[in-house]
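J.: could you look at this predicted model? Sequence included:
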Amino acid sequence: MPQVLPSEQAVDLLRRGYSRRSFGRIATLLTAGAALPFYNEPALAQLSRVRNIPADATKIDANENPMGPCPEAADAIHNVIRHGGRYMYAYTDELAQTMAEIEQVKFSYKAEESYIQIYAGSSAPLHQAVLAFTSKDRPLVTADPGYEAGPRAAKFIGAEVVNVPLRKGTWDHDVRGMLAAAPNAGLFYICNPNNPTGTLTSRADIEYLVANKPKGSVVMIDEAYIHLAKNAVPCTDMAAAGKDVVVLRTFSKIYGMAGLRAGAAIARPDLLGRISGFSAGAMPITAMVGATASLKVKTLVPDRRKTIGDTREEVFTWLSARNVEFVPSETNCFMVNVKRPGREFWTAMTAQKVYVGRSWPVWPDWVRVTVGTPADMAKFKDAFLKCYNA
Ligand SMILES: Cc1ncc(COP(=O)(O)O)c(C=O)c1O
């Protein structure tokens, strides 16, 4: 028996100029229980590539964290498994409350008063914010090269995507360019630090964007990698202050829980309400307790940031010594100029059993590399020497 989207969302989509056909497409997919055909990092990484990566290969393609969940998270997950037969909203609330305290935003059991909403990762709120805030007349404005998940969601519903190049040299978001490019923007997507470049956009520039954006538009700040960058300034306080800002967080990166799935959107309750209407269902209790336990380990963020940062800087020293061009990232991935079509380089590297990341159409001769363990990066270097300039 076909169901439809919750009526509020349906009316909203139709009001925003969607044809009954595209509305029907979204409704059908949701009804079928299917994920909307959008993409997260592993899907993007494997989009046109082999799926069967050998077990002994070095996998540095999807910005994962080889450290995985911390021991405290693993213990909490182990202990909660026997309760897995039940919907346990209390664990979701506990995560929201713990995170709200750290980020100094208001959490309430009443959704209409809460500034934080928990998700299974951050892909869902990212996609759903695009559905909520963009339309045929209100484009998504994003950086190039940038994280492609939002643009894919926009294209799916027929919303225009306005790509604005990162600023040359600093590789930060050109907020003034973004404002000028789309006076009718529905959603500005700022990935800070940026995927794939690992570069930061200054707090002053984000404030400028928020202060000067067109009326009715929203600024979404994706802070998936924020804890990895020593000099990053988070923007959760802007959400707490009631600005038209949505901040996304995930446990997939520094917390090493990509396969476990936990994340959050932090924003004014009315903005969260517009996003959350596109999803339903309980959160996985394993991820909820794992994320809460991770937040309570106060040394986790600085320790992991240092471990990953030390490995990254060592690779940068190695690349610099060989005059290889790269973007000086502050996170767990970096772009490197391989001076040949990225796909060709990627194929050559896979023959060495090293799986690096993809290229972006604007930078076809560059590939993105995830910072793995020191052992992973030793294998990367060996393979790189065989495949670079080959
Ligand atoms: C910038 C950015 N945002 C969001 C995500 C989504 O990740 P997840 O759904 O695992 O939270 C990723 C994944 O790599 C990402 O790179």
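T.: Happy to help now that I have it. Numbers count the residues shown, from 1 in each chain.
J.: CA only for contacts and neighbour counts going forward, please
T.: Noted.
J.: next up, the contacts around the most centrally placed residue in the chain.
T.: Geometric centre of the chain, nearest residue: residue 224, 4.9 Å, by C-alpha atoms, centre = their mean. By C-alpha atoms under 8 Å, 6 or more residues apart in numbering, residue 224 lies in contact with 122, 191, 192, 193, 248, 249, 250, 251, 252, 253.
J.: ranking those residues by neighbours, who comes first?
T.: residue 193 (30 neighbours; other C-alpha atoms under 10 Å).
J.: assign the nearest residue to that residue once chain neighbours are set aside to helix, strand or coil.
T.: Closest residue in space to residue 193, ignoring its immediate chain neighbours: residue 200 at 4.6 Å, by C-alpha to C-alpha, 6 or more residues apart in numbering. Put simply, residue 200 is coil when judged by DSSP: H, G, I helix; E, B strand; the rest coil.
J.: in this structure residue 200 contacts residue 174, no?
T.: No: between residue 200 and residue 174 there is no contact under C-alpha atoms under 8 Å: 11.4 Å.
J.: any idea how far the nearest residue to residue 233 once chain neighbours are set aside lies from residue 187?
T.: The shortest distance from residue 233 to any non-neighbouring residue, by C-alpha to C-alpha, 6+ apart, is to residue 203 (6.4 Å). Distance, residue 203 to residue 187, using C-alpha to C-alpha, to the nearest Å: 18 Å.
J.: who has more neighbours, the two?
T.: Using other C-alpha under 10 Å as the criterion, residue 203 and residue 187 rank with residue 187 on top: 29 against 14.
J.: what sits against the more buried one?
T.: Contacts of residue 187 by C-alpha under 8 Å, 6+ apart are 130, 133, 134, 138, 139, 140, 141, 217, 218, 219, 220.
J.: and after the helix ranked longest in the chain, which helix or strand comes next?
T.: In the chain, with assignment by DSSP state H, the single longest helix is helix 300-321. Downstream of helix 300-321, the first helix or strand assigned by DSSP states H and E is strand 333-337.
J.: burial check on the residue nearest to residue 84 when sequence neighbours are not counted, number of neighbours?
T.: Sequence neighbours aside, residue 285 is the residue nearest to residue 84 in space, at 7.0 Å (criterion: C-alpha to C-alpha, 6+ apart). A count of nearby residues for residue 285, using other C-alpha under 10 Å, gives 24.
J.: so residue 285 is in contact with residue 80, correct?
T.: Yes: look at residue 285 against residue 80 with C-alpha under 8 Å: they come within range, at 7.3 Å.
J.: this structure against the ligand: which residues are in contact?
T.: Taking C-alpha under 6 Å from any ligand atom as the criterion, the chain approaches the ligand at residues 40-41, 63, 121-123, 147, 191, 195, 222, 224, 250, 252, 258, 263.
J.: which one of these is nearest to residue 230?
T.: Closest to residue 230 out of the residues of the chain next to the ligand is residue 224 (13.9 Å), distances taken as C-alpha to C-alpha.
J.: that closest one looks like it's in a strand, true?
T.: No: under three-state DSSP, residue 224 falls outside any strand and is assigned coil.
J.: so what pLDDT did the residue nearest to residue 193 get?
T.: Here, the pLDDT recorded for residue 200 equals 98.
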